[in-house]
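>>> Got a predicted model here, sequence first, then my questions.
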Amino acid sequence: MNPGRILPVLTTALAALAACRRAEPPPPLPDGQPLYAIGIFQYTDAPTLTEVRTGLLRALDEAGLKDGVNVRLDVRSAGGDVASAQRIAQEFAAARYDLVVPLSTQCLQAALIALPTTTPLVFASVANPYILGAGRTPTDHLSHVTGVVSTGPVRQMIAFIREVLPRARRVGTLWTPSEINSEYYLELAREAAAAAALDLESVPVTNAGEIPTAVQRVLNRKVDALFPISDNTLNSSFAVLGRAADEARLPLFGGFVLSTGLGACAAMGFNFTDMGYKAGRIVLRVKAGESPGRIPFQSMESVKLFLNVKAAERQGLVFSPDILRKADQVVSESRP
């Protein structure tokens, strides 16, 4: 990863600070004290981020926090637009929210730029917070930042592809250059593919509309399987990849377990609802007065393997009994 690629984004965001629209300040409690205000924002409505948000809100609800009663919750989505993510972070800063929860790499980056260091940040669904300057290690990080790191099991998935396709030579992937997390995962995939004696054929996309053309470019390279990078742009349109894989009768592997309901024959990843719940528990600790700087970055430990046997059949693959026994969940639903 080249740290210099981050600088243009930082410069653009700083220049936009003056144009931010002020959010409404939190309403007061009956005794005149303002409600504790929490700003929550996600980069897209990708299924992974929506699951994280669901888990986060569940943790807050279980703790008795009710929006408009004893807390102010401002939940936003940037709609996959970097400028919108920056604007939301600026609005949270202008309203002087007590705590902000960025869900995704792009949202954490925007929050680090726009918000003062007096505002605690609790992130989730961030593949590598260190490349954003949030810290050096899980315990050595910015004093106002903590959260849940979501580095996906890219190496394990490449090894799994080699196991179920022992004769494979090339794996095709798509990635999104505008997403720092996507480039990070692409580097991991390249390293893992080399270790597994596989050639990784990669094609970039700039937006969801380019995905069909990009898939065809990958297929033209005579790949034996597809393993798109798990990023916000591609995850939001994964069903498009599922249909393309079916038409080409080519196995499609996903980097998040929910992708097996969108056309992947197999996927490895985390339970993103659990990830959000874990982040929510951290939010509660910070709200109670604990310093974010004293809370180590946390990680997800339990990697799940999901299989979709019907998708595998459509894509010309039959899983062995041994592979089926390894799965945490086997689904047999049709393509959406």
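Done, it's in. Numbering: from 1, shown residues only.
>>> Got the domain ranges for this protein?
3-150+272-299, 154-269+304-331 (automatic domain parsing).
>>> Tabulate these (a markdown table), appending mean pLDDT and mean neighbour count.
The way it works is simple: take the backbone N, C-alpha and C, and place the C-beta from them, glycine included. A markdown table is the format used below for the domains of the chain (pLDDT from 0 to 100; neighbours: other CB atoms under 10 Å):
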| stretch | mean pLDDT | mean neighbour count |
| --- | --- | --- |
| domain 3-150+272-299 | 87 | 19 |
| domain 154-269+304-331 | 96 | 20 |
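>>> Phi first, then psi, for the residue positioned nearest the centre of the chain.
When CA atoms, centre = their mean is applied to the chain, the residue found nearest the centroid is residue 125 (4.4 Å). Backbone dihedrals for residue 125, given as degrees, to the nearest 10, come out at phi 60, psi 50.
>>> now residue 262
Residue torsions, per degrees, to the nearest 10, at residue 262 are phi -120, psi 10.
>>> Quick check: it vs residue 156, distance?
Counting by CB to CB, to the nearest Å, the gap from residue 262 to residue 156 is 20 Å.
>>> Strands of the stretch 101-250 of the chain, start to end?
Ranges of strands within the stretch 101-250 of the chain are 121-126, 145-149, 170-175, 199-204, 225-226, based on DSSP state E, counting those that start in this stretch.
>>> and the ones you listed as JSON lines, adding distance to residue 74?
Below are these laid out as JSON lines (distance: least, CB to CB, whole Å):
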{"stretch": "strand 121-126", "distance to residue 74": "14"}
{"stretch": "strand 145-149", "distance to residue 74": "18"}
{"stretch": "strand 170-175", "distance to residue 74": "32"}
{"stretch": "strand 199-204", "distance to residue 74": "34"}
{"stretch": "strand 225-226", "distance to residue 74": "38"}
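>>> Of these, which is nearest residue 49?
Nearest of the strands of the stretch 101-250 of the chain to residue 49, taken as CB to CB: strand 121-126 at 5.8 Å.
>>> Give the partner strands of the closest one in its sheet and their orientations.
Strand 121-126 has these partner strands in its sheet, going by DSSP bridges: strand 99-103 (parallel), strand 145-149 (parallel).
>>> okay, the ones you listed in a markdown table with distance to residue 304 next?
Output for the strands paired with strand 121-126, formatted as a markdown table (distance: least, CB to CB, whole Å):
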| stretch | distance to residue 304 |
| --- | --- |
| strand 99-103 | 20 |
| strand 145-149 | 16 |
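>>> between those strands, which gets nearest to residue 291?
Here strand 145-149 is closest among the strands paired with strand 121-126 (CB to CB), at 8.9 Å.
>>> returning to that earlier point: pull the contacting residues for the residue nearest to the centre of the chain.
42, 48-49, 52, 103-104, 148, 150, 272, 275-276 (CB atoms under 8 Å, 6 or more residues apart in numbering).
>>> What is the nearest of those residues to residue 238?
The closest of the contacts of residue 125, once distances to residue 238 are taken by CB to CB, is residue 48, at 9.9 Å.
>>> Need phi/psi at the closest one.
phi -60, psi -50.
>>> can you pull out the helices in this structure?
For the chain, applying DSSP state H gives helices covering 6-16, 47-62, 82-94, 105-114, 154-164, 180-195, 211-219, 232-236, 238-248, 272-287, 309-314, 321-326.
>>> got JSON lines for these, with distance to residue 75 too?
Output for the helices of the chain, formatted as JSON lines (distance: least, CB to CB, whole Å):
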{"stretch": "helix 6-16", "distance to residue 75": "21"}
{"stretch": "helix 47-62", "distance to residue 75": "7"}
{"stretch": "helix 82-94", "distance to residue 75": "10"}
{"stretch": "helix 105-114", "distance to residue 75": "12"}
{"stretch": "helix 154-164", "distance to residue 75": "30"}
{"stretch": "helix 180-195", "distance to residue 75": "22"}
{"stretch": "helix 211-219", "distance to residue 75": "28"}
{"stretch": "helix 232-236", "distance to residue 75": "17"}
{"stretch": "helix 238-248", "distance to residue 75": "23"}
{"stretch": "helix 272-287", "distance to residue 75": "12"}
{"stretch": "helix 309-314", "distance to residue 75": "33"}
{"stretch": "helix 321-326", "distance to residue 75": "37"}
